[in-house]
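Peer 1: Give me the fold of what follows.
(2 chains)
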There are 2 protein chains.
Amino acid sequence: MKTKTPHTPLILVSNDDGYDSPGIYALVLALRSLGEVVVCAPATQQSATGHAITVQMPLRARPVSRGRHFRGWAVEGTPVDSVKLGVTTLLDRKPDLVVSGINHGMNTSINVIYSGTVSAATEGAILGIPSIAMSLGSHALDADLRGAARFAKTISRIVLERGLPAGTLLNVNVPAVPPEHIAGVEITRQGRSTWDDGFETRADPNGKEYYWLFGEYVWDSDPLADDSALRRNSISVTPLHYSLTDDRLFSDLQSWNIPGKKR
Amino acid sequence: MKTKTPHTPLILVSNDDGYDSPGIYALVLALRSLGEVVVCAPATQQSATGHAITVQMPLRARPVSRGRHFRGWAVEGTPVDSVKLGVTTLLDRKPDLVVSGINHGMNTSINVIYSGTVSAATEGAILGIPSIAMSLGSHALDADLRGAARFAKTISRIVLERGLPAGTLLNVNVPAVPPEHIAGVEITRQGRSTWDDGFETRADPNGKEYYWLFGEYVWDSDPLADDSALRRNSISVTPLHYSLTDDRLFSDLQSWNIPGKKR
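Peer 2: Reported below is the predicted structural model:
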């Protein structure tokens, strides 16, 4: 694919809802004045795929466009596949920014772990590119995307100017309210809200059992939590990394009596 | 499923290679003297699925056994599905320990992010159960599993006695050498080794392009890294959590000029 001048920022847009979702379309339109926007997104819905990649099978990608401003590739794989294939193979230069979203549904607290939207941005960070995940606090396909789209442009412009430290990304969640009802922007931490979940056991028409996931969300009340900002109708901006070492337990383990342990 | 007395520890064993892999069989045999061992593992190979869960489709599970000591369920889903369905639905009491593995292939550094083996243990931790991921530094199906099996028993016994802090898990990697060549046990950090990867572009018999992932591993030289311990033929024990907030950037962001930012 031909690109413009070397000084035009190249922005790779991905998501986990698939290249044909309303959220990614709104995101592309919001970012187009900041540079050249190219989509590399899953061909089909990939919610809750986490950081899955395709290693045992080949990937396919086909060029797609939606109107004048939306062009790129639909990748028959996961969100992480889409970003990895886009950056290493489909694009002819390294993107200056990866933005994933706008996801239909919030990606806060424990949801971050399961989120394909966040994983697409994480993969951007792994590949050394400043990256942002954008999610909306509503699953409704007709939810008001304007606030999220506007802030996507604002934060993308700032990140293009300032960059982000290596190995970090921003996880942005926007309340699903009209822009004039958004209370502000808050820097937050990944919350500790959890799913109290289980499976409903049902029988199929042949009498064979199957299980369907359901769950109730248990909100973290910490005022610094991403979820708490959303509940105040604020936009939540959480800095994330993928360095998972637990430092406290690292220290504690030194004193454990493990046979063969050195030092 | 009937269980023994309430005082017998219940150990849920899972993996990402599938319930019929050599690694999970060796793990079940290694742990059986510590308590009641029940398998809830994917019906098919699920490597590199990350923390994917199945939300849009129902799950199915069927009882499986392999000889006298190996019994449980094959779940038609991901490693995380298997643990979640096992803990919430298939088992009739809460397990005292979740052990995932023994994976055929190391799960160190960046590989932790993509790993279904680690994600199964992470899901155990999310569900409030002390959890351990066990991986072997070789992909060979006939690799020497004895060292990993022995240490799985050792560390499982210790964790059953001591527990683990909430929200943490142990990620264990064992060198693929005969037990007598294992140099010891080291407490390590998640390393910063990376994949220098790309996709090979090929044409199918009809001339249509497809892409296949390949990569070269770039080793972290930090002596405290998980990978470094493995290279010294030591067993690596890394404490992990799933709290992804980057604290340094959290502080820095307070000084960023973001329109609408509070405080």
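
Peer 1: Help me confirm that A:Val237 is found in a strand?
Peer 2: Yes - assessed by DSSP: H, G, I helix; E, B strand; the rest coil, A:Val237 belongs to a strand.

Peer 1: surely it meets A:Ile187?
Peer 2: Yes - in this structure A:Val237 lies within contact range of A:Ile187 using CB atoms under 8 Å: 5.4 Å. All C-beta atoms are positioned from the backbone trio N, CA, C, and that covers glycine.

Peer 1: Now the common contact residues for those two.
Peer 2: B:Leu253 (CB atoms under 8 Å, 6 or more residues apart in numbering or on different chains).

Peer 1: In chain A, where's the longest helix?
Peer 2: Identified as the longest helix of chain A according to DSSP state H is helix A:146-162.

Peer 1: After that one, which helix or strand is next?
Peer 2: Counting by DSSP states H and E, the next helix or strand C-terminal to helix A:146-162 is strand A:168-174.

Peer 1: Just list what that following strand packs against, helices and strands only.
Peer 2: helix A:116-126, strand A:131-136, helix A:146-162, helix A:226-231, strand A:234-241 (3 or more CB pairs under 8 Å, 6 or more residues apart in numbering or on different chains; DSSP states H and E).

Peer 1: Please repeat the previous calculation with a cut-off of 7 Å.
Peer 2: helix A:116-126, strand A:131-136, helix A:146-162, strand A:234-241 (3 or more CB pairs under 7 Å, 6 or more residues apart in numbering or on different chains; DSSP states H and E).

Peer 1: what's the third one packed up against?
Peer 2: Other elements packing on helix A:146-162 under the criterion 3+ CB pairs under 7 Å, 6+ apart are helix A:22-31, strand A:97-104, strand A:131-136, strand A:168-174.

Peer 1: Just the residues contacting the longest helix of chain A, thanks.
Peer 2: Under the criterion CB atoms under 7 Å, 6 or more residues apart in numbering or on different chains, residues A:9, A:26-27, A:30-31, A:34, A:96-97, A:99, A:102, A:130, A:132, A:134, A:136, A:170, A:172, A:174, A:177, A:179, A:182, A:235, B:256, B:258-259 lie in contact with helix A:146-162.

Peer 1: Can you select the buried ones among these for me in ChimeraX?
Peer 2: To isolate the buried ones among the contacts of helix A:146-162 in ChimeraX, judged by 16 or more other CB atoms under 10 Å in any protein chain shown, type:
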select /A:9,26,27,30,31,34,96,97,99,102,130,132,134,136,170,172,174,177,182,235 /B:258
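
Peer 1: Which secondary structure element is home to A:Asp252?
Peer 2: helix A:247-253.

Peer 1: Is any residue of that helix near chain B?
Peer 2: Yes - contact of helix A:247-253 with chain B (CB under 7 Å from any CB of the partner chain) involves A:249-250, A:253.

Peer 1: any idea how far that helix is from the chain center?
Peer 2: 30 Å (CA atoms, centre = their mean, to the nearest Å).

Peer 1: That one packs against which elements?
Peer 2: Helix A:247-253 packs on strand B:234-241, going by 3+ CB pairs under 7 Å, 6+ apart.

Peer 1: Average pLDDT for the strand it packs on, rounded please.
Peer 2: Regarding strand B:234-241, the rounded mean pLDDT is 98.

Peer 1: With stretch A:190-210 instead?
Peer 2: Mean predicted lDDT for stretch A:190-210 stands at 92.

Peer 1: Keeping just the C-alphas, turn that stretch into CSV.
Peer 2: Extracted in CSV, the C-alpha atoms of stretch A:190-210 (Å, rounded to 0.1, in the frame of the first residue of the first chain):
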residue,chain,number,x,y,z
GLN,A,190,-6.7,-0.8,36.9
GLY,A,191,-9.5,-1.5,39.4
ARG,A,192,-10.3,-4.7,41.3
SER,A,193,-13.8,-5.2,40.2
THR,A,194,-14.5,-8.8,39.5
TRP,A,195,-17.1,-11.1,37.9
ASP,A,196,-19.1,-13.3,40.2
ASP,A,197,-19.7,-15.7,37.4
GLY,A,198,-20.9,-19.2,36.7
PHE,A,199,-22.4,-21.3,33.9
GLU,A,200,-26.0,-22.1,33.3
THR,A,201,-26.4,-25.8,32.5
ARG,A,202,-28.9,-26.4,29.7
ALA,A,203,-29.9,-29.4,27.6
ASP,A,204,-29.8,-29.3,23.8
PRO,A,205,-32.7,-30.7,21.7
ASN,A,206,-31.1,-34.1,21.9
GLY,A,207,-30.9,-34.0,25.7
LYS,A,208,-27.1,-33.4,25.8
GLU,A,209,-25.8,-30.9,28.3
TYR,A,210,-24.1,-27.6,27.5
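
Peer 1: Distance to A:Ser21 for the helices and strands packed on strand A:168-174 - can I get that in CSV?
Peer 2: Output for the helices and strands packed on strand A:168-174, formatted as CSV (distance: least, CB to CB, whole Å):
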stretch, distance to A:Ser21
helix A:116-126, 11
strand A:131-136, 11
helix A:146-162, 13
strand A:234-241, 20
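
Peer 1: per-residue pLDDT, A:Lys4?
Peer 2: pLDDT, A:Lys4: 51.

Peer 1: before we move on, back to that, among the residues of helix A:247-253 next to chain B, the buried ones, what's the ChimeraX command?
Peer 2: Buried subset of these, written as a ChimeraX selection, criterion 16+ other CB under 10 Å:
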select /A:249,250,253
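
Peer 1: of the residues of helix A:247-253 next to chain B, closest to chain B?
Peer 2: Set against chain B, the nearest of those by CB to the nearest CB is A:Leu249 (3.6 Å).

Peer 1: which residues sit in contact with A:Ala225?
Peer 2: A:109, A:188-189, A:191-192.

Peer 1: A:Thr86 - how many residues pack around it?
Peer 2: I think there's a mix-up here, since residue A:86 is Gly and not Thr. Other residues within reach of A:Gly86 by the criterion other CB atoms under 10 Å in any protein chain shown amount to 27.

Peer 1: One more: A:Val55?
Peer 2: Neighbour tally, A:Val55, other CB under 10 Å: 14.

Peer 1: That one contacts B:Ala48, correct?
Peer 2: Yes - between A:Val55 and B:Ala48 there is a contact under CB atoms under 7 Å: 4.8 Å.

Peer 1: so what sits against both of those two?
Peer 2: With CB under 7 Å, 6+ apart, A:Val55 and B:Ala48 have no common neighbours.

Peer 1: where are the low-confidence patches of chain A?
Peer 2: A:1-6 (pLDDT under 70).

Peer 1: can you rerun that using 80?
Peer 2: A:1-6, A:48, A:56, A:141, A:263 (pLDDT under 80).

Peer 1: Contact residues of the stretch 101-250 of chain A facing chain B?
Peer 2: Within the stretch 101-250 of chain A, the positions lying close to chain B (CB under 7 Å from any CB) are A:110, A:112-114, A:119, A:126, A:154-155, A:158, A:165, A:168, A:184-187, A:189-190, A:197-199, A:201, A:210-213, A:234, A:237-246, A:249-250.

Peer 1: Could you turn the buried ones of those into a PyMOL selection?
Peer 2: PyMOL command restricting these to the buried ones, with burial defined by 16+ other CB under 10 Å:
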select buried, chain A and resi 110+112+113+114+119+126+154+155+158+168+185+186+187+189+190+198+199+210+211+213+234+237+238+239+240+241+242+243+244+245+246+249+250
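
Peer 1: Noted, bye for now.
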